[in-house]
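Chemist: build me a structure from this.
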Amino acid sequence: MSAVLIIDDERGIRTSLAAILEDEGYKVFSAEDAIVGIELVGHEIIDLIFLDVLLPKMGGLAALEKLRGEFPQIEIIMISGHANVDMAVRAVKLGAFDFLEKPLSLEKVLTVCRNALTIRNLKKENQILKKTSAKERDKIIGTTEEIQRVRDLIRQAAASDARILITGENGTGKELVARAIHRLSSRQNKAFVEVNCAAIPDTLIENELFGHEKGAFTDAAFSRKGRFEVADGGTLFLDEIGDMSLTAQAKVLRAIQEQKIQRLGGEKTIDIDTRIVAATNKNLEQECEEGRFRQDLFFRLNVIPIHMPSLRERREDVSLLLSHFLKELGKTSCEFDTGAVQLLSSYDWPGNIRELRNLAERIVVLHTGERVGVEAITALLSKTNSAEKPEKPELLPSCMDLTYNEAKEAFEKGYLEYQFTKHDGIISKTAEAIGIYPSNLHAKLRKYKIKA
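Modeler: Numbers count the residues shown, from 1 in each chain. Model (predicted):
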């Protein structure tokens, strides 16, 4: 869980911003001035700070300079109701990730917050990767023919700049394949930039990919690069590209064809040298037939197809992977009964490798002793299954004796409770799944007092 600190002397801003972020699953701290906030940073692990410009005792820009000097690993987003261009430019020069004007837009806050944490995680990951040998980093665990075929394709694909489409179910390790290709390529010293197309609303995806010029829209206090530019010379990984809107698909297609982009609100054409690696859990050929994905973009992306097999297609690797995860988590002495091994190999693993790693963590935390039997594995797997499938409410019969408005509200409340639970209590994820804006969903959750 990422921790966010809000430093603002306005109680209303602290309260409303904290509510939005807590609903998204963040741990939130707040401070009424910079001195209290800086002291708090010294005692708590903070990932991101929202910092007001006009503060008592110590101004926001002075606090920004102090924080960047003492805690360079924390990303800082400046906020102000009295901003000007000079102030925004100075804040960025001092190391601010972004500059937001009040009143704060819900979608903008969530997107910038998500982007800042992504950048912070990339920085942390780069530090870890530098300490890890290249051999270990590129290791894809498995001995089956299916996974060996994937390894061979990775080596062959990495030697070229050809576009790659990675397919496979959720949790099979598609991102791991993309990172391995980048690290083995001639672009390894340039940026690897990931965009989760399913997590960004349609209204924001173009800004995310192509950036914007100053004044392009209300909150655009200064120009900003998009992910295509950030990945120039490196690799852009478009994860879950099957969920991208048709409008955005058309612009991505043009960028790939011409290797040129235009920022939103800009007229200047920018040359880029960006390698595209895309991934999806959908059947894009079927999506093309049904009109949900552009066929010309599919052909552009599918130069080198790599299919990541599901775990049930490589059952022989289950024990090997589990042992690897347990060692990663610090449990070096752990033995499995024959029946437990058979159960693990026969299980269907709907969550694939992600689910298997979760099981490894559960074994480390919940299981005592060095030997794991059938009963323990059965119990630990059942915890996963029960947690992932919220019970569907019987809405229709319960609404029949109500007035129209009462029935409509009862149905809506039950529907939202089910969807919110199903999508892990995350507003952006739920809104994307049911097809409404996050701000609208946020208002409805407050109306019905539905909490994460």
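Chemist: using CSV, write out every CA atom in stretch 237-244.
Modeler: Extracted C-alpha coordinates of stretch 237-244, given in CSV (Å, rounded to 0.1, in the frame of the first residue of the first chain):
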residue,chain,number,x,y,z
PHE,A,237,5.2,-1.3,-23.3
LEU,A,238,1.5,-1.0,-24.0
ASP,A,239,-0.1,-3.4,-21.5
GLU,A,240,-3.7,-4.5,-22.0
ILE,A,241,-3.8,-2.8,-25.4
GLY,A,242,-7.0,-4.6,-26.2
ASP,A,243,-8.8,-2.2,-23.8
MET,A,244,-7.7,0.9,-25.6
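Chemist: same question for that stretch, mean pLDDT?
Modeler: The average pLDDT within stretch 237-244 is 94.
Chemist: show me what it is in contact with.
Modeler: For stretch 237-244, the surrounding residues in contact (C-beta atoms under 8 Å, 6 or more residues apart in numbering) are 174-175, 178-179, 182, 192-199, 205, 252, 276-282, 284, 287, 292-293, 301, 432. Every C-beta, even on glycine, is put in place using the N, C-alpha and C of the backbone.
Chemist: cool, stretch 146-155 as well?
Modeler: The contact list for stretch 146-155, computed with C-beta under 8 Å, 6+ apart, reads 140-142, 177, 180-181, 184, 304, 306-309, 313-314, 317.
Chemist: kindly report the same for stretch 27-44.
Modeler: For stretch 27-44, contacts defined as C-beta under 8 Å, 6+ apart pick out 1-9, 11, 14, 18, 21-22, 46, 49, 51, 55-60, 62-63, 66-67, 70-71, 74.
Chemist: likewise stretch 445-452?
Modeler: Against stretch 445-452 from outside (C-beta under 8 Å, 6+ apart): 22-23, 25, 409, 412-413, 416-417, 420, 425-427, 444.
Chemist: and which of those is nearest residue 90?
Modeler: The nearest member of those to residue 90, counting by C-beta to C-beta, is residue 22 at 31.0 Å.
Chemist: is that closest one part of a helix or strand, or is it coil?
Modeler: The assignment at residue 22 comes out as helix when based on DSSP: H, G, I helix; E, B strand; the rest coil.
Chemist: start the count at 243 instead of 1 going forward.
Modeler: All set: I'll call the first residue 243, so the last point we hit is now residue 264.
Chemist: can you pull the pLDDT of it?
Modeler: Looking at residue 264, its pLDDT is 90.
Chemist: show me this structure divided up by domain.
Modeler: 245-362, 394-549, 555-630, 637-689 (automatic domain parsing).
Chemist: which stretches of the stretch 493-642 of the chain have low pLDDT?
Modeler: For the stretch 493-642 of the chain, the stretches with pLDDT under 70 are 624-641.
Chemist: among the contacts of stretch 388-397, the buried ones, what's the ChimeraX command?
Modeler: Buried members of those, defined by 16 or more other C-beta atoms under 10 Å, are picked up in ChimeraX with:
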select :384,419,422,423,426,546,548,549,550,551,555,556,559
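Chemist: determine the longest helix present in the chain.
Modeler: Assignment by DSSP state H gives helix 348-373 as the longest helix of the chain.
Chemist: pLDDT of that one, averaged?
Modeler: On average, the pLDDT along helix 348-373 is 80.
Chemist: just the buried residues of the contacts of stretch 269-286.
Modeler: So, by 16+ other C-beta under 10 Å, the buried ones in the contacts of stretch 269-286 are 244-251, 256, 260, 263, 288, 291, 293, 297, 300, 302, 305, 309, 316.
Chemist: closest to the centroid, which residue in this structure?
Modeler: For the chain, the residue nearest the mean C-alpha position is residue 438 (6.0 Å; C-alpha atoms, centre = their mean).
Chemist: nearest residue to that one in space, please, no chain neighbours.
Modeler: Nearest non-adjacent residue to residue 438, counting by C-beta to C-beta, 6 or more residues apart in numbering: residue 481, 4.9 Å away.
Chemist: how many other residues sit next to the one you found?
Modeler: A count of nearby residues for residue 481, using other C-beta atoms under 10 Å, gives 21.
Chemist: pLDDT at the residue nearest to the centre of the chain, what is it?
Modeler: pLDDT recorded at residue 438 is 91.
Chemist: cool, and residue 341?
Modeler: Confidence at residue 341, expressed as pLDDT, is 89.
Chemist: so which strand or helix has it?
Modeler: Taking DSSP states H and E as the criterion, residue 341 maps to strand 340-343.
Chemist: hmm, who's touching that strand?
Modeler: By C-beta under 8 Å, 6+ apart, the list of residues contacting strand 340-343 from outside reads 319-323, 325, 329-330, 333-334, 350-351, 354, 357-358, 460-461, 463-464, 466.
Chemist: from the residues you listed, which ones fall inside helices?
Modeler: Counting by DSSP H, these place 329, 330, 333, 334, 350, 351, 354, 357, 358 in helices.
Chemist: skip the chain neighbours and tell me the closest residue to the third one.
Modeler: Leaving aside its chain neighbours, residue 333 sits nearest to residue 320 (4.7 Å; criterion: C-beta to C-beta, 6+ apart).
Chemist: run a quick neighbour tally on the one you found.
Modeler: 27.
Chemist: on that earlier part again, ok, now how distant is the residue nearest to residue 438 from residue 420?
Modeler: Distance check for residue 481 against residue 420: by C-beta to C-beta, to the nearest Å, it reads 8 Å.
Chemist: could you do residue 466 as well?
Modeler: Residue 466 sits 24 Å away from residue 420, going by C-beta to C-beta.
Chemist: ok, these two, which is more surrounded?
Modeler: Using other C-beta under 10 Å as the criterion, residue 466 and residue 420 rank with residue 420 on top: 24 against 20.
Chemist: show the pLDDT at that one.
Modeler: At residue 420, the predicted lDDT confidence score is 95.
Chemist: next: the one 5 residues further on.
Modeler: Per-residue confidence at residue 425 stands at 91 (pLDDT).
Chemist: just residue 380 next, same as before
Modeler: At residue 380, the model reports a pLDDT of 51.
Chemist: likewise for residue 451?
Modeler: On pLDDT, residue 451 comes in at 93.
Chemist: right, and it touches residue 470 too?
Modeler: Yes: at 5.8 Å, residue 451 and residue 470 qualify as touching, with contact defined as C-beta atoms under 8 Å.
Chemist: anything in contact with each of the two?
Modeler: Taking C-beta under 8 Å, 6+ apart as the contact rule, residue 451 and residue 470 both touch residue 497.
Chemist: quick one, which of these two is more surrounded?
Modeler: Comparing residue 451 with residue 470 by other C-beta under 10 Å, the one with more neighbours is residue 470, at 26 against 23.
Chemist: secondary structure element holding that one?
Modeler: helix 469-472.
Chemist: next helix or strand past that helix?
Modeler: Per DSSP H and E, the first helix or strand lying C-terminal to helix 469-472 is strand 477-481.
Chemist: what's the angle from the helix or strand following that next one to strand 477-481?
Modeler: Using DSSP H and E, the helix or strand that directly follows strand 477-481 along the chain is helix 488-500. Helix 488-500 runs at 160 degrees relative to strand 477-481, counting by axes from the mean of the first three to the mean of the last three C-alpha atoms, to 10 degrees.
Chemist: nice, that's everything, thank you.
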